[in-house]
Structure formats: C-alpha cells, structure tokens
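Chemist: Prediction below, plus the sequence it came from.
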Amino acid sequence: MTSTPNIPKGPLNGIRIIDFTWKAVGPWSSRMLTPYGAEVIHIEPPHEPDDHRWDIRPAVGRNFDIQAKHNDHLFGNGADYYSAPYYSQLHNGKLSASLNARNPKGKELLEELIKKSDAVVENFSARVLGNWGLSWERLHELNPKLVYLSTSGFGHEGSLSHYRTYGPIVQAESGLTFTSGLPEREPAGWGYSHMDIAGGWIGGLGLIMALMQARKTGVGTHVDYAVTEGAMTLLGPYFLDYHANGRPTRRPGFPPGNHSEWPPVAPHNTYRCAGIDRQGQDWWVFIACETQEQFEAFANEIGKPELLSDPKFGTMAARKQNEAELDEIISTWTAPRRRYEIQDRLQAVGVIAVAVQGPEDRVDYDPQLRHREVYPVIQNPEVGEYEIEAFVPKLSRTPPDNSLRATAVRENEQYVYGYLLGLSESEMAALRSEGVI
Amino acid sequence: MTKVFDGLTVIELADRRNQMVGKIMSDAGARVIQIEPTKGSPGRWVGPFLNDVEDPEKSLDYWWFNTGKESVAIDITRLPGQQMLRRLIEQADVFVESTKPGTLAKYGLDYASVAPSNSKLIYASLTDFGQDGPWAQLEMNDPAHLALGGQMGVGGYSDPKETPIGGQGRQAYNAASVITTHSISIALWDRMTTDLGQYVDVAIHDCCAICTERPVSYWMWYNQPSVRQTGQHAGPVYALPIQVQAADGRHMNARFNFPNNVWPKMVEWLTELDVVGDLASEKWLDAPTRAAAAKVGGEIEVALKALLAKVPAQEAFERAQAMGLTWGVIRSPEENLDISHFKERNFWRDIEHEDIGKTLPYPRGFYFSEGLDVSPDGRAPHLGEHTKAILSEKLGIDAAQVDLLAQTGVVR
C-alpha cells in the first residue's frame, strides 16, 4: 500500500495518537503535537463528519468562494470535504479516518489500532468511552504503555462528572467569568471560550508530559483533565486570599474592570480614543504607569506636568485614591487622538500604552504579528491559499511546521486500515457497506 | 512513584511573566532554582499580602506561583553575580528567563554565550514580543497584552460605547507559560534521543493573538467584524443573551434551546412556578417553532427570566442539569470550596507554612492523575533561603565566602 501520509519530520515522529476529539478544547490538545511530527489520527463517525468541517458563515470569503463549495453541510452529495477553515485550525496536521466504535467490528478495529498507538485523546462527556466498553482498565489492558487523556468539564470522577458543559459553563463554574467585569455590574465574561483555547493548551501540555512519563517508565497513565479544575488552577491567588485573609472575591468593587488592584497601580485603565470600528464600537487605548518614573514621563508627555506636584496625583497611593478623577483627566487627553498615535508617543517615553486591538487590527495591521509570521498562508488542495493561525512557539532545533493543513473526510483510511491494520481492499469495501467505516 | 520531571534542574530567572513555567515544572518533579534579585523577585511585591502587610515574604500571589521552588538571591547586574549565574546555567537542564531582548547578552548570559559550555541546555525565553520585531521593546504588563493581543477587544458588555474589558488574574502570562512549558517538554523529548538542547523563543503577544477563538477567523476568512456581547462570545451579530440573573442575585449561563425530550420537563417547571404563559400550548411542542422563537427571544426568553427570578442559582443549576440542560452558575472562585465534587477529586492540597504556623489548601493543579501527579511540592521559598546551600553544593562556594559576597551586596 502506498498512501503514506505526509507527516513532517520532527522529534515526535513515530508517536501515534488516536484522536476522538471534537469542538475545540480536545482538538487543540492533540493539534499541538502535529507540528512536531506526531501522527494524530482523527476519527469521525462514518456518517457524521466533525461539525466544524461545515462551519461556514453565510458570507463570501475574501480570498475564495468557499460558500459555494460547502453548501451542503449534511454531506449529501458524497463529495470529499477538506475542511472549513476553522476545522483546518483545530485539526491542523491530523490524519482522517472514519469508524463506528459502537459497532462490534468497529470496536475490534479500534482495539487493534489502540494496540499500535501511544495515546488516546477524547473530549466526550464522561461516560462515552466506558459505554463503548473502553474503560481505562480495558485500554490499559490492551496496551500498557498507552496514555489516555480525557478532557471534560468536570472530569471522569466525582459527583458532578455527568454534568454537561461547554466552554462558557466551565468558565462560569470555575470563577473565571466572574473575574471579568465592571464593579457593581453583572459579569462581562471573556468574549470567547478562553478555556476551549488556553484550556486546550493545558490539555496538550498534559498529553506531552504523560507521553514522556510513559516513555521513561514504560507504563501509560490516565490523565483525567477536568477543564473546570484547569480554570480554577488559573485563579490560585484568589483561593489563597480567601483562606489566608478571609477575603472573598464576591465583594464590593470586584472585579475592578481594567483597574489594577494587585499591585495598586494608577493610572491603569482603558481610555476612549478618536474613531470607531466597523461595528460602531469606540476605539480604546490601554494605559498604565507602574512606576513613578513612568508617571513623570506620562504627565510630561500629555502636557500636564502640574499633576506631579498635585497632592491628589503626586504619589501612587494618592493617584489610586483619586483614580476616577485621574481617569477623567486622561480621557480628555486621549479622546481626540488616534490609538496608535497615543501608543507610539507614550511608548517612546517608556509608558505602558497599547491600542486595544480587534481582530481586524491583528490580522491586517499588527506589524509585530506579521514579522513573527503568526498568520501564515497555507495551501489547501480544495480552496487554494488561505491564512491560518500558526502554532507560535519558536524552537531553534525542532521548529513546529506551520505549513500543514487539515485532511479531507476519510482521506487517510487507506493508510489506517490498509497499511496499519493490513486490511485488503475488499475487506475495507465490506466494512464500508456495513457502515463500520 | 517518580514524577515526569524528576531529576531535572531548572534555573528560573525571577520575573512575573515566567513564574508559572517554573511552578508547573516544580509541581511535575523538577528541581527549580529561582534566581532572584537581592531585593526579591518582582513577584514578591504583588499582593494580596498575608494580613495585608506589604512584605516580600507575605505575598500570596508569590506563594501561589512559586510552590516547591528554591530561592537563590543574586544581583546579576554585578560581575560576580553574572559569573555565578553562568556556572549555574552550565550545570542546568533548563534555563527560563523573561528579560527584554539584549539584556542578558550584555552579561554574557544569552543563549549564544552559554550554549557552548552546555550543549544539553534548553534555554527558554518567555518575553512580551519574542526576540525580534518592530514592537519587541514596547513596555507591557499582563492587561496590556490582553489589550494588544485581542482578548480585551472581544470582552465586555453589549453596549458599543462601553469599554472593552480584560479578565483578571494575569491570564496572558498564564496562557503563554503553558505554551512555554509545552515547548520545553518538546525540547526535552527531543533531547532524550539527540542529547542536544536548544533555544525556545515564546512571545506572549503571539500566544494572545491565537487565543481568541472565532473573531479572528470571522475577519480573516469572511471579512466580518465582531461585536462584544455581555457574558458571551463576540460575533458578527448580536445574539440572544444567555446570562440571566437568578433569585439569589447570582447570574447563570442559561441557553434558550430545548430538545424535544427536555421540553416537557421545562414546561412542568415553568408551570410549577406559575410563569408558563402560553408555552404549555401545543404549538410549542414543535422543535422548529421553539428554535425559531428562541432566536428572537420573545415568550421563551420572558418565561425563563421569570423562572430564574424565582429560583436560586444552585437549585436552578441542579434541576436544569438533571433535565439535560447545559446550564451553569457564574460562581465566584471561592464558592467552589463548598462543592463536594472537587473534594472528591482531591483538588485541595494542604501546604504547610510552618513559619506562620498555618496550613493552607492550594488548588492541586490541572490534572487528576495518579500516574502524572502534577501538584504543589511545598511552600514557596523565602527570599534567599537556599543561597548558601546551593552556592556551596553547585559552585563549591563556602559559607564564609557567601557572607563576604552578601556584605558587598552581590548575594543575599
């Protein structure tokens, strides 16, 4: 058989991962290994390809007419689908095969694959793999070196393990949502599923650590990653403040918007600038003076050196005390000015000042991201060239390969079932007709 | 049982950006030696402080981010300090630093200078913008990263005139630290075969820029700008609110979609509380009718708000989940201390602070795993607590010499 997949050369060559992930938090955890040469086989049910494959918005892509090519999200026309761009993001570099794990023959195939693999990764709800007859005990019995990363909102153990979650629920339950908002207002939240992306990175870190542990000891392990606990771990100091000082975060004044409570710094806020974006939202700049020297430079640059000798603003403690009044003074200065002009002028004198950038600013303007090639253009045989978010760390000897794409539905079945499991064409055809693959 | 990073020595040059990297590696078994300035890591000067007394030994923030580490206080702006740090790095497996590009080169401590004497070294720079680029020298802090990197721009309230808002808790540093620790792990994996180290360059700005989920793709692929929306995802159009206040004043995330098997239970609940209105009528048994109505709010939105106005959040959470609804309570972090689920999962780990005669429960860490026990290994160090011991052990400098160096302000 010849259809050897195009895996990039890298330190993880030879590592094979069975990937039952969907949505975002699970896909990210295994997607962090493909740029380093791991073979990640993304398995989808035979007649229900991953829902992100058809995640096309009703608009015309600026570089290609993707809408026309993906007009049938139920895959009724039998065409091979490469992927919607967001699928390409989440499952970048993975191989694709279909399998019905609930079918006894499907389960048999899966068990053979598991014996030949280093890890199984999934982010179903807690009971799914167990219902397939693939408890951790069974997985371990099939392959003692196997690593099993399960990702779910509340984990596989504990009285809430069967509770349903998605990113926003994880953030709500953990306390992460609560930490974002203006004082005495309802929570503002994060505006995106932080725990689907950063939470996926935490899963990916657990995966590589567990693979390394298995490589060192010869014994695999189950990493029961509850994303809610991941988020709570990102909030450590609040728990210590509660235990040591008895201070809850549910208190007047918290969360403090964009002000800084610890350390007490003023100015430290967003300030309205000239102009609005395409949605009518005002433009803003974030300014902070963490040191007295920065505030001296700031007062001078905005033409208000008298602030330095004003008892209300002369020291950090005084500025913090009179923060609302200081914010007004600064807003008056920023309001008629452009955000990048403010950034340039204040940064030139050593003050923390940056534009609050939207997606358009980052993709089309940000010279730093361009310089670092954070949004490279990749090739997709179906839709041609398009931009993607890179996997951004830079490693001098083993850099991540950012030229990879996602694969079409079932693109690598010949490799998975023909080469890895040694099935003949007729055997595969029979399995297809039975709906196993 | 040995932990995954047992046997590794990590030298961490103290900085608020990278302390989470050292914490994860220490929790995972590495010996992490933090090199602090003699007046203490910048992290020690960040509150909250124990009993609100501003003291570098009492920063709870520092305690959290530095569990299990050892502290060696060296002034690396001084030549003898630079020499000591160089010798420590020469013996280390991993060096983590967050100085501005060019800073350590002046001291002969950049990768090019130290790598020749330690080919196995993994040298990780976690910095604001990486080592190069037009913005590499900008002044930043964590909320500035959320602003420039995109998180703040998509977070906040639905009113387009209101300020965008970034979340608290230094989540830009945290996210970039996770990516950095992953990169170090990849480099360690490679080293197991090649016996060679390498240089890792991670930019917090780059990490933030790929962290905001859909708004970048809406713009990049479809030219659709996004709007901020209270308590939910930014997107090209305003969506129905999902954040609803419950009877006890707390808010919930409650989506207005009800599968057929759930709808009768919902009607029952609405009826019990006398807020069902027209929703018990037959037309609402039709899923497409409900879905179409849910897109514009209307009766369903009114009824749900009326229902939650009569039910405390926890009760609503439990009943909704039992019905099969993906609802949650917007809790403050400390409200999770009362949830037995996390105790059952051994999430709280007692860390002894013998110096203050207290034991404090710390979050265990990301993973519940017997085989991968990544959890805190003791309290954070006192400033310079291990200076003498480590300089003696690693560099053969005896106590009298250390005292002399301390008198001249090179160590503490």
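Modeler: Arrived safely, thanks for sending.

Chemist: Can you pull the poorly scored residue ranges out of the stretch 301-412 of chain B?
Modeler: Along the stretch 301-412 of chain B, no part satisfies pLDDT under 70.

Chemist: I'd like to know which residues of it are adjacent to chain A.
Modeler: Within the stretch 301-412 of chain B, the residues that sit near chain A (C-beta under 8 Å from any C-beta of the partner chain) are B:321, B:324-337, B:339-342, B:344-345, B:347, B:358, B:360-372, B:374. From N, CA and C alone the C-beta is placed, and that goes for glycine too.

Chemist: From these, list the buried ones, please.
Modeler: B:321, B:325-336, B:339, B:341-342, B:345, B:347, B:360-369, B:371-372, B:374 (16 or more other C-beta atoms under 10 Å in any protein chain shown).

Chemist: Most distant residue from the centre of the chain?
Modeler: Let's take chain A. Distance from the C-alpha centroid of chain A, by C-alpha atoms, centre = their mean, peaks at residue A:309 (46.8 Å).

Chemist: actually it's chain B I care about, not the one you picked
Modeler: residue B:282 (48.7 Å).

Chemist: follow-up on the earlier one: inside strands: which ones of the buried ones among the residues of the stretch 301-412 of chain B next to chain A?
Modeler: B:328, B:329, B:360, B:361, B:362, B:363, B:367, B:368 (DSSP state E).

Chemist: and the last one, what does it touch?
Modeler: It stands for residue B:368. Residues counted as contacts of residue B:368 (C-beta atoms under 8 Å, 6 or more residues apart in numbering or on different chains) are A:155, A:157, A:223, A:224, A:225, A:226, A:229, B:345, B:346, B:347.

Chemist: and residue B:317, what helix or strand is that in?
Modeler: helix B:313-323 (DSSP states H and E).

Chemist: Now residue 358: closest residue in space that isn't a chain neighbour?
Modeler: Defaulting to chain A. Nearest residue to residue A:358 in three dimensions, chain neighbours excluded: residue B:153, at 4.5 Å (C-beta to C-beta, 6 or more residues apart in numbering or on different chains).

Chemist: Let me rephrase: I mean chain B.
Modeler: Nearest non-adjacent residue to residue B:358 (C-beta to C-beta, 6+ apart): residue A:244, at 7.4 Å.

Chemist: contacting residues for residue B:32?
Modeler: So residue B:32 contacts B:10, B:12, B:22, B:23, B:25, B:26, B:68, B:69, B:70 (C-beta under 8 Å, 6+ apart).

Chemist: Kindly recompute the last result at 10 Å.
Modeler: Contacts for residue B:32 (C-beta atoms under 10 Å, 6 or more residues apart in numbering or on different chains) come out as B:5, B:8-12, B:19, B:21-26, B:66-71, B:94, B:96, B:377, B:381.

Chemist: Can you flag which of the residues you listed belong to strands?
Modeler: Filtering the contacts of residue B:32 for membership in strands, criterion DSSP E, returns B:9, B:10, B:11, B:12, B:70, B:71, B:94, B:96.

Chemist: Lowest mean pLDDT among the helices and strands of the chain, which one is it?
Modeler: You didn't pick a chain, so chain A it is. Every helix and strand in chain A was compared by mean pLDDT, DSSP states H and E; the lowest is helix A:66-69, with a mean of 45.

Chemist: nope, chain B
Modeler: In chain B, no helix or strand scores lower on mean pLDDT, DSSP H and E than helix B:287-296, which sits at a mean of 84.

Chemist: Please state the offset of that one from the chain centre?
Modeler: Put simply, helix B:287-296 sits 38 Å off its chain's centre (C-alpha atoms, centre = their mean, to the nearest Å).

Chemist: Put the alpha carbons of that helix into CSV.
Modeler: Written as CSV, here are the backbone C-alpha positions of helix B:287-296 (Å, rounded to 0.1, in the frame of the first residue of the first chain):
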residue,chain,number,x,y,z
ALA,B,287,-39.0,21.9,17.9
PRO,B,288,-38.5,24.1,14.8
THR,B,289,-41.1,26.6,16.3
ARG,B,290,-39.2,26.7,19.6
ALA,B,291,-35.9,27.1,17.8
ALA,B,292,-37.2,29.9,15.6
ALA,B,293,-38.7,31.7,18.7
ALA,B,294,-35.5,31.1,20.7
LYS,B,295,-33.6,33.1,18.0
VAL,B,296,-35.6,36.2,18.7
